[in-house]
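> Dropping a prediction and its sequence here:
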Amino acid sequence: MSLPSLLQKTLQLPAVAAPMFLASGPDLVIETCKSGVVGSFPALNQRTSEGFEQWLITINEALAKHGYGAGARVAPYAVNLIVHASNPRLEADLQLCIKHKVPIVITSLGAVPELVERVHEYGGLVFHDVTTVRHARKAAATGVDGLILVAAGAGGHAGTLSPFALLAEVRQLFQGTLLLAGAISSGQDIAAAQQMGADLAYMGSRFINTQESTADPGHKKMIQCASAADILYTPNISGVAANFLKESIVNAGLNPDELAPKAGIDFGQELTPGEKQGGAWSKIWSAGQGVGAIKDIPTVANLVQQLKVEYKDAVLAHHELAKPYLK
């Protein structure tokens, strides 16, 4: 188990709220961090780099007012950068992360040593998300501080490996921080992830359904009513295999069983809100297989308090269960 000192001093729960397209904004990030959980958002959730910088200023000022960096148990925040040739804003957004000293940079779809070095120069951490052991090995070689293991069942872009298999193999080759993603919806799930060997749980869909999330109200309602059987894993929406709510695909006028293969990947088009409303993710909504456990839309503060209680109860219950076998 390995946690950077920055997280050891600030977390109140071993969890990260994942960066979610069209759902994660300043309000969600700020309230999550205030509750002692890492909040995050994709840089591309803002339609311009200028708007992205304003979000950074807003978040930094709000967290400073609540004692971040001054000893309070306020968690750091993270920004997700799409490291792919089709993202025209990568360099500009990275420069802003450096300028404003973003505590954690989460990279996706490309592990680049130079980027890691530039973030390390100002004292930031870099976590990279992976879906396979091969990609984990390549990312580890770039010097990242943590690997986000996106296992089967995760919302959005996800892998197909069992979390048990993925964790076990990656831990053999990487001694940094390991985060586990995939259908984690409760405090019990967070505790289970730690028991399996993860340092932190990485939660997406559960935080879509919060008051502070900017997800479409219809998206939240659909998650409330969904079960694992309502999730479709396909590469034919964005060009990369991901989990989506079947009902949203039908509502977009498509047949989930007859989706045409996507010709190529253009994240500059697909993952930019605002005027580009034709992107795959604007009305076809993502969610993970853990939706069956999500039945409400609480405030972030109330959700995290609930997760803390569930986590504590689960840890104590695990201890009691293990007692007969520890003699």
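Great, that's in hand.
> From here on, just use CA atoms for contacts and neighbour counts.
OK.
> What about Glu258, how many residues nearby?
As a burial measure, Glu258 scores 8 neighbours (other Cα atoms under 10 Å).
> Is Leu147 in a helix, a strand, or coil?
Following DSSP: H, G, I helix; E, B strand; the rest coil, Leu147 is assigned to strand.
> That one pairs with what?
On the basis of DSSP bridges, Leu147 takes part in beta bridges with His128, Leu178.
> So it sits against Phe127, correct?
Yes: contact between Leu147 and Phe127 holds when scored by Cα atoms under 8 Å: they sit 5.4 Å apart.
> can I see the domain layout of this protein?
The chain breaks down by the TED database into domains covering 5-216+298-325, 217-283.
> Give the rounded mean pLDDT of the longest one.
Put plainly, it is domain 5-216+298-325. The average pLDDT within domain 5-216+298-325 is 97.
> cool, and stretch 237-245?
Stretch 237-245 shows a mean pLDDT of 92.
> And for Ala23, the neighbour number?
23.
> Could I get the contacting residues of it?
Going by Cα atoms under 8 Å, 6 or more residues apart in numbering, Ala23 touches Ile208, Ser213, Thr214, Ala215, Asp216.
> same deal with Val74?
Contacts of Val74 were listed using Cα under 8 Å, 6+ apart, and they are Thr10, Leu11, Cys33, Lys34, Ser35, Gly36, Val37, Leu63, His66, Gly67, Tyr68.
> now it: how far from His100?
18 Å (Cα to Cα, to the nearest Å).
> quick one: the helices in the protein?
Using DSSP state H, the helices of the chain run over 5-8, 26-34, 49-65, 90-99, 113-121, 133-140, 163-173, 187-196, 205-208, 217-225, 246-251, 267-270, 300-322.
> Most neighbours of all the contacts of Ala23, which one?
Using other Cα under 10 Å as the neighbour criterion, Ile208 leads the contacts of Ala23 with 30 neighbours.
> Look up how far Leu22 lies from it.
Separation of Ile208 from Leu22 (Cα to Cα): 9 Å.
> Overlap of the contact sets of these two?
Thr214, Ala215.
> how many neighbours does Val102 have?
With other Cα under 10 Å as criterion, Val102 counts 21.
> In contact with it, which residues are there?
Residues near Val102 by Cα under 8 Å, 6+ apart: Leu56, Tyr77, Ala78, Val79, Gly124.
> Looks like the fourth one contacts Pro42 (just checking).
Yes: with contacts counted by Cα under 8 Å, Val79 reaches Pro42, the gap being 5.7 Å.
> Quickly list what's touching both of those two.
Taking Cα under 8 Å, 6+ apart as the criterion, Val79 and Pro42 both touch Pro19.
> quick one: Ile184 and Phe21, what's the gap?
Distance, Ile184 to Phe21, by Cα to Cα: 18 Å.
> Likewise for Ala62?
Going from Ala62 to Phe21 by Cα to Cα gives 22 Å.
> just Phe244 next, same as before
For Phe244, the distance to Phe21 equals 13 Å [Cα to Cα].
> what does Arg47 give?
12 Å.
> Which one's more surrounded, the two?
Neighbours per residue (other Cα under 10 Å) separate Arg47 from Phe21, with Phe21 holding more: 24 against 15.
> Can you get me a residue count around the nearest residue to the more buried one once chain neighbours are set aside?
Excluding its sequence neighbours, the residue lying closest to Phe21 (Cα to Cα, 6 or more residues apart in numbering) is Asn45, at 6.1 Å. For Asn45, the neighbour count with other Cα under 10 Å is 21.
> Same question for Asn236.
By other Cα under 10 Å, the burial measure for Asn236, its neighbour count, is 18.
> dump the residue contacts of the residue nearest the centre of the chain.
Centroid-nearest residue in the chain: Ala18, 1.9 Å away (criterion: Cα atoms, centre = their mean). Residues in contact with Ala18 (Cα under 8 Å, 6+ apart) are Gly39, Ser40, Phe41, Tyr202, Met203, Gly204.
> which one is it nearest to, not counting chain neighbours?
Leaving aside its sequence neighbours, Ala18 sits nearest to Gly204 (Cα to Cα, 6+ apart; 4.9 Å).
> Test my guess that the one you found contacts Ala15.
No: if you go by Cα under 8 Å, Gly204 and Ala15 don't touch, sitting 10.6 Å apart.
> more crowded one of those two?
A count of neighbours by other Cα under 10 Å puts Gly204 above the other of Gly204 and Ala15, at 27 against 24.
> what's the spacing between that one and Pro103?
20 Å.
> With Lys221 instead?
From Lys221 over to Pro103 the distance is 33 Å, taken as Cα to Cα.
> Neighbour count: these two, which is higher?
Remark: of Lys221 and Pro103, Pro103 carries more neighbours, 20 against 14, as counted by other Cα under 10 Å.
> if we can go back for a sec, are any of the contacts of Ala18 buried, and which?
Neighbour-count burial (16 or more other Cα atoms under 10 Å) applied to the contacts of Ala18 gives Gly39, Ser40, Phe41, Tyr202, Met203, Gly204.
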